[in-house]
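> show me the folded form of this:
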Amino acid sequence: MDVNELVDMIDGKMSSGVSRLSIGFSEDLNTGVKKESYHHGRCDVGSPWAKGTVSNCDVIDTQDDQS
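Just a heads-up that it's a prediction; the model follows:
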């Protein structure tokens, strides 16, 4: 996919009312092959993260315990 094709694809999605896109490139697909998937809903609507009310129990501790 060249840059113009990518811009046309994004313009088309926006014109049709798509409000969110996640675009990725993969070497797993053959050259020129496009794959599209649709995610139903917005997982973050109403979540503590979206409302800005994250508490300590919502945060995942990623530090390794090296005691």
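
> any low-confidence regions in this structure?
By pLDDT under 70, the weakly predicted segments of the chain are 1, 39-44, 49, 54-67.

> rerun that using 50 as the cut-off
For the chain, no stretch has pLDDT under 50.

> mind saving the C-alpha coords of the longest helix seen in it as PDB?
Longest helix in the chain by number of residues (criterion: DSSP state H): helix 3-15. What follows is helix 3-15, C-alpha atoms only, in PDB (Å, rounded to 0.1, in the frame of the first residue of the first chain):
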ATOM      1  CA  VAL A   3       0.900   6.600   0.900                       C
ATOM      2  CA  ASN A   4      -1.800   7.800  -1.400                       C
ATOM      3  CA  GLU A   5      -3.800   4.600  -1.000                       C
ATOM      4  CA  LEU A   6      -3.500   4.900   2.800                       C
ATOM      5  CA  VAL A   7      -4.700   8.500   2.800                       C
ATOM      6  CA  ASP A   8      -7.600   7.600   0.600                       C
ATOM      7  CA  MET A   9      -8.500   4.700   2.900                       C
ATOM      8  CA  ILE A  10      -8.400   7.000   6.000                       C
ATOM      9  CA  ASP A  11     -10.400   9.700   4.200                       C
ATOM     10  CA  GLY A  12     -13.000   7.200   3.200                       C
ATOM     11  CA  LYS A  13     -13.400   5.800   6.700                       C
ATOM     12  CA  MET A  14     -13.700   9.300   8.200                       C
ATOM     13  CA  SER A  15     -16.300  10.300   5.600                       C
END
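
> quick check: next helix or strand after that helix?
Counting by DSSP states H and E, the next helix or strand C-terminal to helix 3-15 is helix 48-51.

> show me what counts as buried in that next one.
Residues of helix 48-51 classed as buried by neighbour count (16 or more other Cβ atoms under 10 Å): none. For glycine as for every other residue, the C-beta is placed from the backbone atoms N, C-alpha and C.
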